[in-house]
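Q: Pasted the sequence and its predicted model underneath.
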Amino acid sequence: MAQLDGPQLLRVIADRHRWTILSALASSDRRVGELTELVGERQNLVSYHLRELRDAGLVSSRRSSFDGRDTYYRLNLGRCRELFRESAAALHPALRLEPSAIAPIRQTRRTPRVLFLCTGNSARSQMAAALLEDRSGHAIQARSAGSHPKALHPDAVRVMTGRGIDISGNTTKHLRRYARSHFDQVITLCDKVREVCPEFPGDPATSHWSIPDPATEASAAAETNAAFERTAVELEERVDHLIAHVFASQGGPHHAR
(Lines give C-alpha, C1' and ligand atoms only; values in the text may rest on other atoms or scores of the structure.)
Protein backbone atom coordinates (compact mmCIF):
# COMPACT_ATOMS: atom_id res chain seq x y z
CA MET A 1 0.00 0.00 0.00
CA ALA A 2 1.38 3.41 -0.93
CA GLN A 3 2.29 5.77 1.89
CA LEU A 4 0.70 9.08 0.94
CA ASP A 5 1.55 12.51 2.27
CA GLY A 6 -0.98 15.36 2.22
CA PRO A 7 -0.26 16.70 -1.29
CA GLN A 8 -0.23 13.17 -2.74
CA LEU A 9 -3.61 12.37 -1.17
CA LEU A 10 -5.12 15.55 -2.57
CA ARG A 11 -3.76 14.76 -6.03
CA VAL A 12 -5.31 11.28 -5.88
CA ILE A 13 -8.77 12.47 -4.93
CA ALA A 14 -8.79 15.76 -6.87
CA ASP A 15 -9.60 14.06 -10.18
CA ARG A 16 -13.33 14.44 -10.74
CA HIS A 17 -13.72 10.83 -11.86
CA ARG A 18 -12.06 9.51 -8.72
CA TRP A 19 -14.16 11.79 -6.55
CA THR A 20 -17.31 10.49 -8.25
CA ILE A 21 -16.18 6.92 -7.58
CA LEU A 22 -15.41 7.66 -3.93
CA SER A 23 -18.75 9.42 -3.49
CA ALA A 24 -20.60 6.46 -5.00
CA LEU A 25 -18.77 3.95 -2.82
CA ALA A 26 -19.42 6.02 0.31
CA SER A 27 -23.03 4.86 0.27
CA SER A 28 -22.78 1.32 -1.12
CA ASP A 29 -20.41 -1.33 -2.46
CA ARG A 30 -20.66 -1.35 -6.25
CA ARG A 31 -19.64 -3.37 -9.29
CA VAL A 32 -17.38 -2.04 -12.02
CA GLY A 33 -20.29 -1.79 -14.46
CA GLU A 34 -22.27 0.36 -12.03
CA LEU A 35 -19.30 2.66 -11.47
CA THR A 36 -18.75 2.95 -15.22
CA GLU A 37 -22.35 4.08 -15.63
CA LEU A 38 -22.11 6.57 -12.77
CA VAL A 39 -18.83 8.06 -14.00
CA GLY A 40 -20.02 8.12 -17.60
CA GLU A 41 -16.69 6.98 -19.05
CA ARG A 42 -15.26 3.85 -20.66
CA GLN A 43 -14.63 0.86 -18.42
CA ASN A 44 -10.87 0.90 -19.03
CA LEU A 45 -10.68 4.50 -17.76
CA VAL A 46 -12.77 3.67 -14.69
CA SER A 47 -10.59 0.61 -14.03
CA TYR A 48 -7.50 2.84 -14.20
CA HIS A 49 -8.92 5.20 -11.58
CA LEU A 50 -9.98 2.27 -9.39
CA ARG A 51 -6.43 0.92 -9.56
CA GLU A 52 -5.07 4.31 -8.44
CA LEU A 53 -7.53 4.40 -5.54
CA ARG A 54 -6.66 0.82 -4.58
CA ASP A 55 -2.94 1.59 -4.64
CA ALA A 56 -3.62 4.48 -2.26
CA GLY A 57 -5.52 2.15 0.07
CA LEU A 58 -8.73 4.15 -0.29
CA VAL A 59 -10.64 1.38 -2.05
CA SER A 60 -10.60 -2.42 -1.87
CA SER A 61 -12.21 -5.11 -4.00
CA ARG A 62 -13.82 -8.50 -3.59
CA ARG A 63 -15.09 -11.06 -6.10
CA SER A 64 -18.87 -11.35 -6.26
CA SER A 65 -20.23 -14.53 -4.66
CA PHE A 66 -23.16 -14.32 -7.09
CA ASP A 67 -21.15 -14.04 -10.30
CA GLY A 68 -17.42 -14.65 -10.05
CA ARG A 69 -16.86 -12.60 -13.20
CA ASP A 70 -17.99 -9.50 -11.29
CA THR A 71 -15.99 -7.59 -8.70
CA TYR A 72 -17.43 -5.44 -5.93
CA TYR A 73 -15.53 -2.37 -4.78
CA ARG A 74 -15.86 -0.79 -1.36
CA LEU A 75 -14.61 2.42 0.21
CA ASN A 76 -12.14 1.93 3.06
CA LEU A 77 -13.64 4.56 5.32
CA GLY A 78 -11.18 3.93 8.12
CA ARG A 79 -8.22 4.49 5.80
CA CYS A 80 -9.85 7.62 4.36
CA ARG A 81 -10.35 9.05 7.83
CA GLU A 82 -6.74 8.29 8.77
CA LEU A 83 -5.33 9.95 5.65
CA PHE A 84 -7.48 13.06 5.94
CA ARG A 85 -6.45 13.46 9.58
CA GLU A 86 -2.76 13.12 8.70
CA SER A 87 -3.07 15.56 5.81
CA ALA A 88 -4.82 18.20 7.90
CA ALA A 89 -2.24 17.92 10.67
CA ALA A 90 0.62 18.15 8.16
CA LEU A 91 -0.71 21.49 6.91
CA HIS A 92 -1.02 22.95 10.41
CA PRO A 93 -1.23 21.42 13.91
CA ALA A 94 -4.34 23.49 14.61
CA LEU A 95 -6.13 21.52 11.89
CA ARG A 96 -5.51 18.16 13.53
CA LEU A 97 -8.75 16.18 13.47
CA GLU A 98 -9.03 14.11 16.61
CA PRO A 99 -11.03 10.86 16.44
CA SER A 100 -14.30 11.13 18.31
CA ALA A 101 -16.73 8.66 19.76
CA ILE A 102 -19.92 7.94 17.85
CA ALA A 103 -22.39 10.67 18.63
CA PRO A 104 -25.67 9.50 20.16
CA ILE A 105 -28.65 9.44 17.85
CA ARG A 106 -30.85 12.46 18.36
CA GLN A 107 -34.13 11.65 19.95
CA THR A 108 -36.98 11.91 17.47
CA ARG A 109 -40.61 10.88 17.48
CA ARG A 110 -39.70 7.71 15.57
CA THR A 111 -36.76 5.37 16.11
CA PRO A 112 -34.73 4.80 12.91
CA ARG A 113 -35.22 1.25 11.55
CA VAL A 114 -32.72 -0.77 9.52
CA LEU A 115 -33.21 -4.15 7.85
CA PHE A 116 -30.26 -6.44 7.05
CA LEU A 117 -30.69 -9.16 4.42
CA CYS A 118 -28.57 -12.15 3.44
CA THR A 119 -29.29 -15.63 2.08
CA GLY A 120 -29.70 -17.86 5.14
CA ASN A 121 -30.23 -15.24 7.86
CA SER A 122 -28.00 -17.57 9.84
CA ALA A 123 -24.91 -15.40 10.35
CA ARG A 124 -24.08 -12.10 8.60
CA SER A 125 -27.46 -10.38 8.86
CA GLN A 126 -28.03 -11.62 12.42
CA MET A 127 -24.62 -10.37 13.49
CA ALA A 128 -25.07 -7.02 11.76
CA ALA A 129 -28.47 -6.38 13.35
CA ALA A 130 -27.20 -7.31 16.82
CA LEU A 131 -24.12 -5.11 16.47
CA LEU A 132 -26.13 -2.12 15.21
CA GLU A 133 -28.54 -2.20 18.12
CA ASP A 134 -25.78 -2.75 20.67
CA ARG A 135 -23.32 -0.17 19.36
CA SER A 136 -26.03 2.48 18.89
CA GLY A 137 -27.20 1.98 22.46
CA HIS A 138 -30.48 0.66 21.01
CA ALA A 139 -31.17 4.10 19.55
CA ILE A 140 -31.58 2.33 16.19
CA GLN A 141 -33.92 -0.62 15.71
CA ALA A 142 -32.43 -3.39 13.56
CA ARG A 143 -34.06 -6.45 12.01
CA SER A 144 -32.70 -9.24 9.80
CA ALA A 145 -34.04 -11.79 7.33
CA GLY A 146 -32.98 -14.09 4.50
CA SER A 147 -34.11 -15.26 1.08
CA HIS A 148 -33.61 -18.92 2.09
CA PRO A 149 -33.53 -19.04 5.91
CA LYS A 150 -31.69 -21.82 7.70
CA ALA A 151 -30.67 -22.52 11.28
CA LEU A 152 -28.69 -19.92 13.21
CA HIS A 153 -25.00 -20.77 12.90
CA PRO A 154 -23.31 -21.62 16.23
CA ASP A 155 -20.19 -19.66 15.29
CA ALA A 156 -22.31 -16.54 14.80
CA VAL A 157 -23.57 -17.04 18.35
CA ARG A 158 -20.00 -17.59 19.55
CA VAL A 159 -18.43 -14.44 18.06
CA MET A 160 -21.31 -12.32 19.32
CA THR A 161 -21.05 -13.84 22.80
CA GLY A 162 -17.38 -12.87 22.74
CA ARG A 163 -18.55 -9.28 22.27
CA GLY A 164 -21.04 -9.46 25.11
CA ILE A 165 -24.07 -9.86 22.82
CA ASP A 166 -26.38 -12.86 23.17
CA ILE A 167 -28.18 -13.89 19.97
CA SER A 168 -28.63 -17.54 20.93
CA GLY A 169 -32.39 -17.12 21.22
CA ASN A 170 -32.80 -15.49 17.81
CA THR A 171 -34.93 -17.14 15.16
CA THR A 172 -34.28 -16.94 11.41
CA LYS A 173 -36.88 -15.32 9.17
CA HIS A 174 -37.79 -15.10 5.51
CA LEU A 175 -37.61 -11.64 3.98
CA ARG A 176 -41.32 -11.97 3.10
CA ARG A 177 -42.02 -11.40 6.79
CA TYR A 178 -41.11 -7.74 6.35
CA ALA A 179 -42.75 -7.21 2.96
CA ARG A 180 -45.18 -4.67 4.42
CA SER A 181 -42.86 -3.18 7.03
CA HIS A 182 -41.39 0.28 6.83
CA PHE A 183 -37.64 0.79 7.24
CA ASP A 184 -35.40 3.81 6.90
CA GLN A 185 -32.66 1.72 5.32
CA VAL A 186 -32.35 -1.76 3.82
CA ILE A 187 -28.87 -3.24 3.57
CA THR A 188 -28.03 -6.40 1.63
CA LEU A 189 -24.97 -8.30 2.83
CA CYS A 190 -25.02 -11.05 0.22
CA ASP A 191 -24.38 -10.58 -3.50
CA LYS A 192 -27.05 -13.17 -4.32
CA VAL A 193 -29.72 -11.47 -2.21
CA ARG A 194 -28.94 -8.10 -3.75
CA GLU A 195 -30.14 -9.49 -7.09
CA VAL A 196 -33.52 -10.58 -5.66
CA CYS A 197 -34.10 -7.88 -3.05
CA PRO A 198 -37.74 -6.78 -3.26
CA GLU A 199 -39.10 -3.26 -2.98
CA PHE A 200 -40.16 -2.20 0.52
CA PRO A 201 -42.88 0.30 1.47
CA GLY A 202 -41.87 3.91 1.94
CA ASP A 203 -38.95 3.86 -0.53
CA PRO A 204 -36.20 3.23 2.09
CA ALA A 205 -32.55 4.03 1.42
CA THR A 206 -30.74 0.95 0.11
CA SER A 207 -27.10 -0.07 0.37
CA HIS A 208 -25.04 -3.16 -0.35
CA TRP A 209 -22.20 -4.55 1.75
CA SER A 210 -20.48 -7.31 -0.22
CA ILE A 211 -19.46 -9.67 2.59
CA PRO A 212 -18.74 -13.38 1.96
CA ASP A 213 -20.61 -16.01 3.94
CA PRO A 214 -18.14 -16.99 6.70
CA ALA A 215 -19.68 -20.48 6.87
CA THR A 216 -18.53 -21.22 3.32
CA GLU A 217 -15.21 -19.34 3.36
CA ALA A 218 -13.29 -22.24 4.90
CA SER A 219 -13.80 -25.95 5.47
CA ALA A 220 -11.64 -26.65 8.53
CA ALA A 221 -13.06 -25.74 11.93
CA ALA A 222 -10.12 -23.48 12.82
CA GLU A 223 -10.44 -21.65 9.50
CA THR A 224 -14.19 -21.28 10.01
CA ASN A 225 -13.62 -19.72 13.42
CA ALA A 226 -11.22 -17.24 11.86
CA ALA A 227 -13.69 -16.48 9.04
CA PHE A 228 -16.45 -15.63 11.51
CA GLU A 229 -14.08 -13.42 13.49
CA ARG A 230 -13.07 -11.55 10.30
CA THR A 231 -16.73 -11.06 9.43
CA ALA A 232 -17.49 -9.70 12.90
CA VAL A 233 -14.57 -7.25 12.71
CA GLU A 234 -15.65 -5.99 9.28
CA LEU A 235 -19.25 -5.63 10.42
CA GLU A 236 -18.19 -3.66 13.50
CA GLU A 237 -16.39 -1.12 11.32
CA ARG A 238 -19.22 -0.83 8.84
CA VAL A 239 -21.86 -0.59 11.56
CA ASP A 240 -19.99 2.22 13.31
CA HIS A 241 -19.92 4.19 10.07
CA LEU A 242 -23.59 3.41 9.50
CA ILE A 243 -24.47 4.82 12.92
CA ALA A 244 -22.64 8.05 12.06
CA HIS A 245 -24.50 8.18 8.73
CA VAL A 246 -27.90 7.65 10.35
CA PHE A 247 -27.15 10.40 12.85
CA ALA A 248 -26.05 12.82 10.12
CA SER A 249 -28.93 12.07 7.76
CA GLN A 250 -31.89 12.10 10.11
CA GLY A 251 -33.04 15.24 8.38
CA GLY A 252 -33.72 13.22 5.20
CA PRO A 253 -33.05 9.79 3.68
CA HIS A 254 -30.17 9.11 1.30
CA HIS A 255 -30.69 6.58 -1.49
CA ALA A 256 -28.04 4.33 -2.99
CA ARG A 257 -28.60 1.51 -5.44
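A: The structure has been received and is ready for your questions. Just so you know, these numbers come straight off a predicted model, no measurement behind them.
Q: which residues sit against stretch 176-188?
A: The list of residues contacting stretch 176-188 from outside it, by C-beta atoms under 8 Å, 6 or more residues apart in numbering, reads 112-118, 128, 143, 145, 194, 197-198, 200-202, 204-209, 242, 246, 253. For glycine as for every other residue, the C-beta is placed from the backbone atoms N, C-alpha and C.
Q: for that stretch, which positions count as buried?
A: For stretch 176-188, the neighbour count (16 or more other C-beta atoms under 10 Å) marks Y178, F183, D184, Q185, V186, I187, T188 as buried.
Q: Mind checking the pLDDT average for that stretch?
A: In this model, stretch 176-188 carries a mean pLDDT of 95.
Q: Please apply the same query to stretch 193-213.
A: For stretch 193-213, mean pLDDT is 93.
Q: Same question for stretch 85-102.
A: On average, the pLDDT along stretch 85-102 is 70.
Q: returning to that earlier point: filter the contacts of stretch 176-188 down to the buried ones and hand me the PyMOL line.
A: The buried residues among the contacts of stretch 176-188 can be selected in PyMOL (16+ other C-beta under 10 Å) with this line:
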select buried, resi 112+113+114+115+116+117+118+128+143+145+194+197+200+204+205+206+207+208+209+242+246
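Q: Tell me which of the contacts of stretch 176-188 fall in helices.
A: Using DSSP state H, the members of the contacts of stretch 176-188 that fall in helices are A128, R194, L242, V246.
Q: didn't the second one look like it was pressed against H208?
A: Yes: taking contacts as C-beta atoms under 8 Å, R194 lies within contact range of H208: 5.1 Å.
Q: so what's E234 up against?
A: Residues near E234 by C-beta under 8 Å, 6+ apart: I211.
Q: In the host helix or strand of it, which residues are buried?
A: Assessed by DSSP states H and E, E234 sits inside helix 221-248. Going by neighbour count (16+ other C-beta under 10 Å), the buried part of helix 221-248 is 224, 227-228, 231-232, 234-236, 238-243, 245-247.
Q: ok, so what distance separates the nearest residue to L10 once chain neighbours are set aside from A142?
A: Nearest residue to L10, sequence neighbours excluded (C-beta to C-beta, 6 or more residues apart in numbering): S87, at 7.0 Å. Between S87 and A142 the computed distance is 34 Å (C-beta to C-beta, to the nearest Å).
Q: Over to R74?
A: According to C-beta to C-beta, R74 and A142 sit 20 Å apart.
Q: Just want to know which of the two has more residues nearby.
A: When neighbours are counted by other C-beta atoms under 10 Å, R74 and A142 differ, and A142 comes out ahead with 25 against 20.
Q: bridging residues for the more buried one?
A: Beta-bridge partners for A142, by DSSP bridges, are V114.
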